[in-house]
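K.L.:
With the input below, show me the fold.
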Amino acid sequence: MSYQAGGPGSAGPPPGYPPPPGYGAAPGYPPPGYAAPGFPPPGYAAAGPGYPPPGYGAPGYGPPGPGWPAPSYGYGPPGGVGGPPAALKPGVIPLRPLTLSDIFNGAVAYIRGNAKATLGLTTIVVVISELLNLLFTVGPLAATGTLVPNPGPPISGGAISTTIASTAVGFLTTWLAATVLNGMLTVVVGRAVFGGTISIDQAWQRVKGRLGALIGYAFLETLGLTLVVVLYVVLLVWINFAAGAAAAVVIGAPIGLGVLAGLIYLSTILSFAPPVIVLERRGILTAIERSYALVKPDFWQVLGIRALIIVVITLVAGAVSVPFSVVGQLMLLAGNSLALVLAAMVVVTIGSVVGQIITAPFAAGALVLLYTDRRIRGEAFDLALQTGARTGGPIPPAETPSPATTTADPTDDLWLTQRI
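P.N.:
Have a look, this model is predicted:
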């Protein structure tokens, strides 16, 4: 017995739609592509009350006409899961844990974004300090007649003392200028993190209250380094007199390596003390403790990045100053006249000035950004920075600062936050 489509036990095709020629419906099953009465077609959800079935228009409209593609249903393939959202970047760095590239790029970006308060400030400070240093060096030598090599009588003890004193004064001037410059550049970087700029006068107003602690820390650091070196030299001299030069070399070499390792360790551990003094407004001892706490968990990374920074600035400064030094030496070889000696010293000083102008802002910026990275990794400091960036927004540049606006910006207080 045969069954025809639409016969008993089967669901026939919708009215007006004959089955395809040569095919019949299986017993008890509707034709392919159609569901049993009361059920939606396969792969379609039942239409809600008041809505027509999928693929059909509202009552009174027929099915899609011939030549038109069948309506599509469902959803397309799920979109791929992308990477994490980009970190907020209101200023020179993204507010997330920083990479080495972030630190170096940020150190360059803050210089380009505020050249007046970076290169301009550095030029003023370095030129003044180098001129004073040159004056303190040349003046006593010219006064004692030792500026130009003279085959006459030996140099007197007074001339030697005067030269040493003038050299010490010149070193003190350079050291003080570098300390003040680094403090002011630290303020500039602190603002640049939020995309803000700051004038030289504003930077001075912001840092002058911290100069006492900053200079005090730099003095203690220099004093400690000097004492260690002096003690080591005294030890070598004592060994030399007691056991001879060979013993001084054999004993002094490993001791010297140990002293060098200790100095490198202390320099790394204390490297964040100046930014802490300026940005967090802490005292000397508290800043030392704070720097130790920030560096210790990731000492080797901080050491490696600082070493790389030193290598970079040394290579750049050398590449800039070496041509000037070569010219100066050639001038000295050309003759021993006073004019040539003075000209040679001026040329060498110019090379030193240019090298410092280029490298000092970069070194200060890289150190502050490395300090920022350590706070982000150790204290989730990026959350505080993101909050401040969203609420405060970028700081507009101040072309004509007034006394009421030259002290601080609200974002400066974000550096006081320790934990979120």
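
K.L.:
what helices or strands is whatever helix or strand V346 lives in leaning on?
P.N.:
Using DSSP states H and E, V346 maps to helix 338-379. Here helix 338-379 touches helix 100-113, helix 121-144, helix 157-192, helix 273-279, helix 284-295, helix 299-334, helix 381-392, going by 3 or more Cβ pairs under 8 Å, 6 or more residues apart in numbering; DSSP states H and E. (C-beta placed from N, C-alpha, C; glycine too.)

K.L.:
please redo it, this time with the cut-off set to 7 Å
P.N.:
Packed against helix 338-379 by the contact rule (3 or more Cβ pairs under 7 Å, 6 or more residues apart in numbering; DSSP states H and E) you find helix 100-113, helix 121-144, helix 157-192, helix 273-279, helix 284-295, helix 299-334.

K.L.:
Show residues contacting the helix or strand of the chain with the lowest mean pLDDT.
P.N.:
Using mean pLDDT, DSSP states H and E, helix 381-392 stands out as the lowest-scoring helix or strand of the chain, at a mean of 75. By Cβ atoms under 7 Å, 6 or more residues apart in numbering, the surrounding residues in contact with helix 381-392 are 88, 90, 95-96, 193-194, 375-376, 410-411, 414, 417, 420.

K.L.:
now do stretch 128-138
P.N.:
For stretch 128-138, contacts defined as Cβ under 7 Å, 6+ apart pick out 147, 166-167, 169-170, 173-174, 177, 342, 345, 349, 352-353.

K.L.:
do stretch 320-328 as well
P.N.:
In contact with stretch 320-328 (Cβ under 7 Å, 6+ apart) are residues 344, 347-348, 350-352, 354-355, 358.

K.L.:
Any regions of the stretch 301-420 of the chain where pLDDT drops low?
P.N.:
The stretch 301-420 of the chain contains residues with pLDDT under 70 at 335, 389, 391-408, 418-420.

K.L.:
Please apply the same query to the chain.
P.N.:
Along the chain, the parts satisfying pLDDT under 70 run over 1-86, 140-159, 335, 389, 391-408, 418-420.

K.L.:
now the helices and strands packed on helix 338-379 as a markdown table including mean neighbour count?
P.N.:
Below are these laid out as a markdown table (neighbours: other Cβ atoms under 10 Å):
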| stretch | mean neighbour count |
| --- | --- |
| helix 100-113 | 19 |
| helix 121-144 | 18 |
| helix 157-192 | 19 |
| helix 273-279 | 27 |
| helix 284-295 | 19 |
| helix 299-334 | 15 |
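
K.L.:
Kindly reformat those helices as JSON lines containing distance to A203.
P.N.:
JSON lines is the format used below for the helices and strands packed on helix 338-379 (distance: least, Cβ to Cβ, whole Å):
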{"stretch": "helix 100-113", "distance to A203": "12"}
{"stretch": "helix 121-144", "distance to A203": "7"}
{"stretch": "helix 157-192", "distance to A203": "4"}
{"stretch": "helix 273-279", "distance to A203": "10"}
{"stretch": "helix 284-295", "distance to A203": "19"}
{"stretch": "helix 299-334", "distance to A203": "21"}
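
K.L.:
thinking again about what came up before, list just the nearest of the contacts of stretch 128-138 to R290.
P.N.:
Set against R290, the nearest of these by Cβ to Cβ is A177 (25.7 Å).

K.L.:
Quick check: closest non-adjacent residue to Y292.
P.N.:
I269 (5.4 Å; Cβ to Cβ, 6 or more residues apart in numbering).

K.L.:
Tell me how far that neighbour lies from I376.
P.N.:
Distance, I269 to I376, using Cβ to Cβ, to the nearest Å: 19 Å.

K.L.:
next one: F272
P.N.:
13 Å.

K.L.:
Same question for A107.
P.N.:
In terms of Cβ to Cβ, A107 sits 16 Å off from I376.

K.L.:
same deal with V346?
P.N.:
45 Å.

K.L.:
In terms of neighbours, single out the busier of those two.
P.N.:
I376 (19 against 15; other Cβ atoms under 10 Å).

K.L.:
Do I have it right that that one meets T99?
P.N.:
No: assessed by Cβ atoms under 7 Å, I376 is found out of contact with T99, at 11.7 Å.

K.L.:
Just say helix, strand or coil for P94.
P.N.:
coil (DSSP: H, G, I helix; E, B strand; the rest coil).

K.L.:
And for it, the neighbour number?
P.N.:
When neighbours are defined as other Cβ under 10 Å, P94 has 16 of them.

K.L.:
Then the one 4 residues further on?
P.N.:
Each residue near L98 was counted by other Cβ under 10 Å, and the total is 23.

K.L.:
Mind telling me what element it is part of?
P.N.:
L98 belongs to no helix or strand, assigned by DSSP H and E.

K.L.:
residue contacts, the closest residue to it other than its chain neighbours?
P.N.:
Nearest residue to L98 in three dimensions, chain neighbours excluded: D373, at 4.1 Å (Cβ to Cβ, 6+ apart). Residues counted as contacts of D373 (Cβ under 7 Å, 6+ apart) are 97-98, 103.

K.L.:
contacting residues around F104?
P.N.:
So, once contact is read as Cβ under 7 Å, 6+ apart, F104 ends up touching A366.

K.L.:
change the start of the numbering to 185 and stick with it
P.N.:
Okay, using 185 as the starting number, the last item reads as F288.

K.L.:
Roughly how far does it sit from I277?
P.N.:
In terms of Cβ to Cβ, F288 sits 11 Å off from I277.

K.L.:
Many thanks, have a good one.
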